[in-house]
Structure formats: C-alpha cells, structure tokens
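# take this sequence and fold it.
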Amino acid sequence: MKGVEEVVMTYFQYVMLSHKWEGEEPLLQDIQGKDIYKLDPISGIKKLQSFCKTAHDLGYRWAWSDTCCIDKNTDVELQASIKSMFAWYHHSALTVVYLSDVPPLSKSGALAKSAWSTRGWTLQEFLAPKVILFYQTNWTLYLDDRTPNHKNSVAIMQELEVATGIDRRAVVAFHPEMRDAREKLQWASTRTTTLQEDIAYSLFGIFGVRLHVDYTEKKQNALGRLLQEIIAQSGDITALDWVGKSSEFNSCLPADITSYEDPPCKLPSLSEEEIQSSVSSLRGAVAPQPASQLYQTLDYLSAARFAHHRLHLPCIVFPITEARRKLGHDQKTYTYELKSDGLRNLQITTEDKFSQFSSARPPPAWQTIVLVRPWDRHLLGLHDTADDRQSVDNWSLPESPSCDSSAAQTESIYSDSHSQALRLLVRLGLPFSGFLLARQRDGEFKRIASDRNIIAQVKDVASITYLMDIRTLEVL
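I've put the predicted structure just below:
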C-alpha cells in the first residue's frame with residue numbers, strides 16, 4: 001500500500017515555491033486551519049498569498065511552501081523533509097521561482113544579480129524540477145517570457161548558466177548521482193545558508209544520499225560526513241582536489257565548501273597518437289615483467305574508504321628528501337622548495353612549519369613528509385563496466401601451447417598486455433596533482449594544507465617501475 005506522500009506525488013499535481021527567506025516568514029502554526037486569503041497581508045503572508053493565487057490561476061489546486069508546510073518543531077518530520085526535499089521538487093507539476101529583488105520590466109541580467117542565485121537551498125530547487133517558471137517581485141513572468149517551461153527558454157537558461165556556472169544542459173536534464181562530485185561541489189562553493197550546517201544538508205538530494213540531520217553539529221562535521229559518504233559509496237576521490245584549510249573532521253577534507261570554488265585542477269593530456277609514440281619509445285627501455293607487475297599491483301588496489309573519520313587512501317608515495325624554506329612577504333605562511341627522488345623539484349606555500357627540515361639534528365625516525373598521488377583507476381585505461389575490464393590474470397601464458405597458432409596467439413596476448421602496461425607508464429609520467437602528508441607518531445598521516453594545487457611530475461618515465469612506492473595510508 002502506498003504511503004501518503006507517494007500518493008500525493010503520484011496522483012496530485014502540486015506547485016512548489018522556490019524563494020529566498022526574508023523577514024517574518026509564515027510558519028505552520030500561523031496558517032494551520034485558516035483561510036490564508038483572510039490573513040493580514042504583511043511580509044511573508046503576502047508572498048504566500050500571491051504564490052497560492054499564482055498557482056490557482058495556472059490551474060492547480062495544491063501549493064507547497066517550505067516555511068509553512070513543515071513542522072520544524074517535530075524532529076522526525078524535519079529529518080524526513082530535508083531528506084525528501086529533492087524528490088518533492090522533482091515530482092512537482094511546476095516549481096515557481098520567486099525573485100523578490102527583481103523589479104518589473106527588468107532586462108536580461110537581473111536574474112544573475114538576484115540574491116536567490118546565491119542561496120544554498122535554491123540550488124536543488126531549480127535542478128530537481130522538470131518544469132519551472134521565474135517570477136518578478138510583482139508576480140509577473142521574468143522577461144515576460146511566456147514559454148510554458150522556462151527550462152525550455154534559451155534566453156533564461158543562458159542567463160542561469162552565467163549566474164550559476166552550471167551548464168544549461170545539466171540544468172534541463174539533471175538527476176542525482178555522485179559522479180563528477182568535484183564539479184557539483186564547485187556549484188555549491190559560492191552559495192550561503194543561514195544555518196551553517198545547511199550548506200551540507202542542502203546537497204543531500206543532489207548527490208542522492210540520505211544522512212542524519214543534526215543542527216547541533218559543526219559545519220565542518222556536516223560537510224565532512226557528506227564528503228565521507230560520497231567517497232565511501234562511489235570511490236570518487238575528486239573531492240580531495242581542493243586548496244585551503246583542512247577540516248577537523250579529516251585533514252584530507254576541506255574545512256569549508258569555498259575550498260572548491262576554483263575549477264578542478266586541469267592537467268595536460270596526450271592524444272592517442274602521442275601515447276602510441278611514447279609507448280614505442282619505451283619498448284626497448286622498459287622490461288615487460290616489472291611493467292606488468294606494476295600494472296597488476298595497481299589493478300589490485302582497493303578503492304579509497306572511510307572508517308571512524310579516518311581515510312584509508314590507496315596512493316603512490318614519494319618521500320620528501322629536502323625542503324628548503326624561502327623568504328616570503330607573508331609572515332603567516334612558509335614557502336618551501338621540495339625535492340624527492342625521481343620527481344622534479346616543486347614549490348608549495350603552507351601555514352605549516354616543517355620541523356623535520358628546520359634543525360641540524362636528524363628528525364625522529366617516525367617523522368616523515370611524503371607527497372602522495374591518490375590512486376585513480378582510470379589511469380589503467382579500463383572501462384567502468386565489469387564486462388569490459390581486462391584482468392592482468394589473463395596475461396599469463398597457456399600451460400601447454402599445442403600448435404604454432406597458439407604460440408602466435410600467446411605472443412599477441414603478451415604483446416597486448418605489455419602495451420597496456422606501457423600505456424599506464426606513459427600516463428603516470430604526465431604531470432599529476434598530489435598533496436603532502438606528514439606522518440604522525442602512531443603511524444597515521446595528516447594532510448599538509450596548501451594555498452594552491454601541487455603539480456608534480458616524475459623525471460624519467462622509464463624509471464617509474466622502480467620508483468613506485470604503492471601503499472594504502474591511513475589519514476587522520
């Protein structure tokens with residue numbers, strides 16, 4: 001038997017309101033059992049009356065506004081509502097977006113300047129619905145655009161793309177998932193919420209996660225729980241691509257969503273022709289066995305996972321052998337030129353002081369700093385589907401080849417597997433984005449936050465098979 005909410009979403013056409021909260025918004029107890037049109041039209045009541053009238057004039061009998069349709073005094077209802085919000089907007093017949101600060105007869109560009117575009121909750125409120133209409137402060141259609149669905153309005157969608165940084169094709173056909181997590185985090189990075197925890201809670205629906213809501217926790221904990229869930233469920237480590245301050249939740253996660261404001265780190269790539277050329281040059285320089293062993297070791301690595309706020313991170317490790325501090329203008333930060341065997345020299349700026357390299361006395365044996373490259377299975381060149389995956393187990397030779405054709409087939413398989421391993425070496429030889437970890441006394445690590453992306457590269461591709469220190473590190 002269907003629940004009440006499922007029945008409503010299935011059989012009743014209802015209109016949702018997306019708006020910026022302002023002043024005294026009506027609560028459930030303010031309107032329950034009352035005729036809203038007979039209430040004193042002040043502040044939020046007037047907005048609610050206009051919204052209901054607009055929905056009625058469009059031919060709908062049911063309207064929903066978040067300020068007065070959720071009993072916020074009941075924790076169970078509040079929990080369920082936050083977790084269901086995306087679905088409610090998605091199944092609405094229409095979502096009305098009210099731009100209270102956009103005056104009548106506004107020209108194109110006013111939408112981008114509206115405070116509505118800066119709020120955290122409104123992100124899912126225009127991504128989730130299939131049909132939306134934008135209204136100005138006097139409840140007339142924005143730009144007088146009478147397109148039945150403003151998601152089909154080229155002019156408005158282009159303006160929304162400029163305002164939010166979200167490709168209009170994603171707006172029109174959005175569905176919740178954890179893929180491309182870093183891009184979605186960037187969408188939210190410049191948005192604000194009244195309650196600090198809401199910047200994480202407002203993203204639950206966008207990523208398709210259902211987590212407990214606790215308004216007594218800190219912002220860092222709320223965001224940390226969300227990012228932990230994304231990495232744990234999807235194995236997507238792009239959420240580790242950020243610059244700024246580390247979170248108290250886990251040092252590999254950022255303290256604030258604003259750390260995702262810059263676009264994901266862009267690294268050079270090679271065309272298929274360039275890869276083939278590089279593979280050809282490596283054939284005589286790299287022995288098949290160590291290359292295949294490296295491929296197999298990386299292929300067997302498990303995905304990154306969290307346990308008790310600790311990140312278990314499969315990665316390639318490069319110990320830092322030297323860190324020369326350079327003079328800088330900022331007295332609060334330190335700039336270091338780093339060296340590691342096999343890597344080209346690189347430079348970082350951080351608020352952390354490397355005590356390991358600041359004294360003439362040798363540091364304790366446990367105290368080391370490493371640069372890590374988080375492992376990404378895409379470097380193997382495999383498809384996502386299990387049917388398409390090629391295992392290194394298949395590289396072994398048949399036990400007893402019985403004819404020349406079998407020998408030729410074996411040689412072909414061996415050659416193909418070696419080529420695949422060499423292609424991996426070529427990818428590993430390209431510049432990569434990494435970060436620094438400092439080993440703690442008990443053997444765990446903590447991330448050393450940097451003010452910019454750390455881009456590293458190996459000196460010699462042919463030597464990669466001997467340089468790779470592949471481990472799963474536990475990060476606090």
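# show me where the protein has its strands.
14-18, 62-64, 94-98, 132-135, 305-307, 310-319, 322-326, 334-339, 346-350, 369-374, 432-439, 445-448, 454-456, 469-475 (DSSP state E).
# what's the pLDDT at Ser391?
If you check Ser391, the pLDDT there is 35.
# one more: Ser259?
96.
# which residues does the nearest residue to it once chain neighbours are set aside contact?
Take Ser259 and drop its neighbours on the chain: the residue closest to it by C-beta to C-beta, 6 or more residues apart in numbering is Gly244, 3.6 Å away. Where you see a C-beta, it was placed from the backbone N, CA and C, and this is true even at glycine. The contact partners of Gly244, by C-beta atoms under 8 Å, 6 or more residues apart in numbering, come to 254-256, 258-259, 449, 451.
# could you do Gly120 as well?
188, 191-193, 198-199, 202.
# grab the nearest non-local neighbour of it.
Closest to Gly120 by C-beta to C-beta, 6+ apart is Thr193, at 3.9 Å.
# pretty sure the one you found contacts Ile199?
Yes. Counting by C-beta atoms under 8 Å, Thr193 does reach Ile199; the two are 5.0 Å apart.
# looking at these two, which is more packed in?
Using other C-beta atoms under 10 Å as the criterion, Thr193 and Ile199 rank with Ile199 on top: 22 against 17.
# state the distance from Lys72 to Phe86.
Distance, Lys72 to Phe86, by C-beta to C-beta, to the nearest Å: 18 Å.
# between these two, tell me which one has more neighbours.
Between Lys72 and Phe86, counting by other C-beta under 10 Å, Phe86 is the more crowded of the two (22 against 14).
# residues near the nearest residue to Gly224 once chain neighbours are set aside, how many?
Excluding the flanking residues, the one nearest Gly224 by C-beta to C-beta, 6+ apart is Phe249, at 2.7 Å. For Phe249, the neighbour count with other C-beta under 10 Å is 23.
# just Leu428 next, same as before
Counted with other C-beta under 10 Å, Leu428 comes out at 20.
# doesn't Asp376 make contact with it?
No. Leu428 is beyond contact range of Asp376, at 10.7 Å (criterion: C-beta under 8 Å).
# let me see the mean pLDDT of stretch 264-280.
89.
# chain center to it: distance?
Stretch 264-280 sits 25 Å away from the centroid of its parent chain (C-alpha atoms, centre = their mean, to the nearest Å).
# check what pLDDT Ser396 gets.
Taking Ser396 on its own, its pLDDT is 37.
# swap in Leu338?
Looking at Leu338, the pLDDT reads 85.
# just checking, it touches Leu346?
Yes. Shown here, Leu338 and Leu346 form a contact pair, counting by C-beta under 8 Å, at 5.4 Å.
# now do the shared contacts for the two.
Leu371.
# between the two, which is the more surrounded one?
For Leu338 versus Leu346, the count of surrounding residues by other C-beta under 10 Å is larger for Leu338: 22 against 18.
# pull the contacting residues for Ala456.
Ala456 touches 318, 340, 343-344, 346, 371, 373, 431-432, 434, counting by C-beta under 8 Å, 6+ apart.
# name the residues linked to it by a beta bridge.
Applying DSSP bridges to Ala456 yields these beta-bridge partners: Phe432.
# so it versus Cys265, what's the distance?
Counting by C-beta to C-beta, the gap from Ala456 to Cys265 is 12 Å.
# by mean pLDDT, point me to the weakest helix or strand of this structure.
Using mean pLDDT, DSSP states H and E, helix 4-11 stands out as the lowest-scoring helix or strand of the chain, at a mean of 59.
# returning to what we had before: export the strands of the chain to JSON lines and tack on distance to Ala287?
Below are those laid out as JSON lines (distance: least, C-beta to C-beta, whole Å):
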{"stretch": "strand 14-18", "distance to Ala287": "61"}
{"stretch": "strand 62-64", "distance to Ala287": "67"}
{"stretch": "strand 94-98", "distance to Ala287": "61"}
{"stretch": "strand 132-135", "distance to Ala287": "60"}
{"stretch": "strand 305-307", "distance to Ala287": "34"}
{"stretch": "strand 310-319", "distance to Ala287": "20"}
{"stretch": "strand 322-326", "distance to Ala287": "30"}
{"stretch": "strand 334-339", "distance to Ala287": "28"}
{"stretch": "strand 346-350", "distance to Ala287": "29"}
{"stretch": "strand 369-374", "distance to Ala287": "23"}
{"stretch": "strand 432-439", "distance to Ala287": "24"}
{"stretch": "strand 445-448", "distance to Ala287": "32"}
{"stretch": "strand 454-456", "distance to Ala287": "25"}
{"stretch": "strand 469-475", "distance to Ala287": "18"}
